[in-house]
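Enquirer: Fold the following for me, if possible:
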Amino acid sequence: MSERGEVRAAAYAGRGQRAVESFSTEALVIGGRTRAWNDIYSSQLATADFIPRHVDFSAGLKLGGLGQIGLARLMTGPCTIRRTVDHIEDRGGERIYSFFIQLNGEARFTQGAHEIVLRRGDVTLCDNGVPHCNSLGENAELLLVRVPDGLIHDYVSRPELVRGRPLSARDGLAFIATGMACSLWRQVERGLDPAHADSIAHQLLDLFATSYSMAYGSELSGPYPDARLHARAVGFIEEHIRDASLNARVTAAAIGVRAGELLAMFLRRGDSYGGYVSRRRLDQAARQLRNPRWRGCTVSEIAFSVGYNSVPLFTRSFHRRFGASPGDYRRAELN
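Expert: As a prediction, this is how the structure comes out:
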């Protein structure tokens, strides 16, 4: 998380009650409204050209936080929001991936080769490190779930493969994910206990990631002939990640290939089977270590709960990945 993000997250935790900042065009002079709102949008979300279709347009923006992720609700009249290569190169800044949830109205979103129409309840993933354009219609409202670059890969291993692709409101799991996001936004507005925010954020991102996996399946595994098999292998690993007996032979048998073929699938992607399993277990352990609900469990108990059968191995692996021992990591995160 950036320094600015850490300061904002600390402010949320310190307040504990109202954790939302609000911005509006109501107090802006109509003649200078476009330029002023452009500055507000660029400073609070990402540098972009905010181009309203009417000089007397109105807009509002609310910002909140949920653990490591940000939440933003944008309400606006007809406009176009365009982020170009120049914006990205001139201002830089932290790379953010945002799940755009269309709450009201209609939008035409373009990123890369994808041009889609979003209607009420639809979702897409936007990468602010890549140019994009969002044309919004009358009475448009969006909820943005904003995920730092360092976090998105824990949930969507190759976000570049799904950015700009839609999730339909008619899809069951996507409908549940958007409903959860909207409910959490209302709780953040009322004042959500920050002690459980990170755990809740994890559940929300898991829902969105699973929704994309169900919608696009093997495409998330990359342009390989064995993409479907790889996706099945990853699915089996995720389902059995806490099982200490999980290994390449067991996984290969579950998807109907030889162990050597399974290992080669991961190597072709610049990874290894053991490395992937280890990262997923360590990431799960890190979430538990910073979750107040696991405060009563020892480091050893957490190590065993994520599939390790050797505490020294877990400790060494954790330190290599996170730069701190599990105990030090827990103390820093919970305090």
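Enquirer: just the helices in the stretch 151-300 of the chain please.
Expert: Counting by DSSP state H, counting those that start in this stretch, the stretch 151-300 of the chain has these helices, from start to end: 172-190, 197-216, 227-239, 248-255, 259-268, 273-289, 299-305.
Enquirer: Select, out of the ones you listed, the one closest to Pro148.
Expert: Proximity to Pro148 (C-beta to C-beta) singles out helix 197-216 among the helices of the stretch 151-300 of the chain, at 11.2 Å. (Glycine included, C-beta is placed from N, CA and C.)
Enquirer: Please compute how far the closest one lies from its chain's middle.
Expert: 8 Å (C-alpha atoms, centre = their mean, to the nearest Å).
Enquirer: Name the surrounding residues that touch it.
Expert: The contact list for helix 197-216, computed with C-beta atoms under 8 Å, 6 or more residues apart in numbering, reads 65-69, 99, 123, 125, 145, 147, 151, 154-156, 161-162, 165, 167, 171, 173-174, 176-177, 180-181, 184, 192, 220, 231, 235, 287, 290-293.
Enquirer: Among the residues you listed, name the ones in strands.
Expert: Gly65, Leu66, Ile69, Phe99, Val123, Leu125, Val145, Val147, Leu167 (DSSP state E).
Enquirer: The last one: neighbouring residues, count only.
Expert: Using other C-beta atoms under 10 Å, Leu167 has 26 other residues around it.
Enquirer: Quick check: bridge partners of it?
Expert: Here Leu167 sits in beta bridges with Val123, as judged by DSSP bridges.
Enquirer: which residues touch it?
Expert: Leu167 sits in contact with Asp122, Val123, Thr124, Ala174, Ala177, Ser211, Tyr212, Ala215, where contact means C-beta under 8 Å, 6+ apart.
Enquirer: for those residues, which one is nearest Val250?
Expert: Tyr212 (26.5 Å).
Enquirer: picking that back up, save the ones in strands among the contacts of helix 197-216 as JSON lines, and put in distance to Ser42 and pLDDT too.
Expert: Formatted as JSON lines, the ones in strands among the contacts of helix 197-216 follow (distance: C-beta to C-beta, whole Å; pLDDT from 0 to 100):
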{"residue": "Gly65", "distance to Ser42": "20", "pLDDT": "92"}
{"residue": "Leu66", "distance to Ser42": "23", "pLDDT": "91"}
{"residue": "Ile69", "distance to Ser42": "21", "pLDDT": "93"}
{"residue": "Phe99", "distance to Ser42": "21", "pLDDT": "97"}
{"residue": "Val123", "distance to Ser42": "24", "pLDDT": "96"}
{"residue": "Leu125", "distance to Ser42": "21", "pLDDT": "97"}
{"residue": "Val145", "distance to Ser42": "20", "pLDDT": "97"}
{"residue": "Val147", "distance to Ser42": "20", "pLDDT": "95"}
{"residue": "Leu167", "distance to Ser42": "27", "pLDDT": "95"}
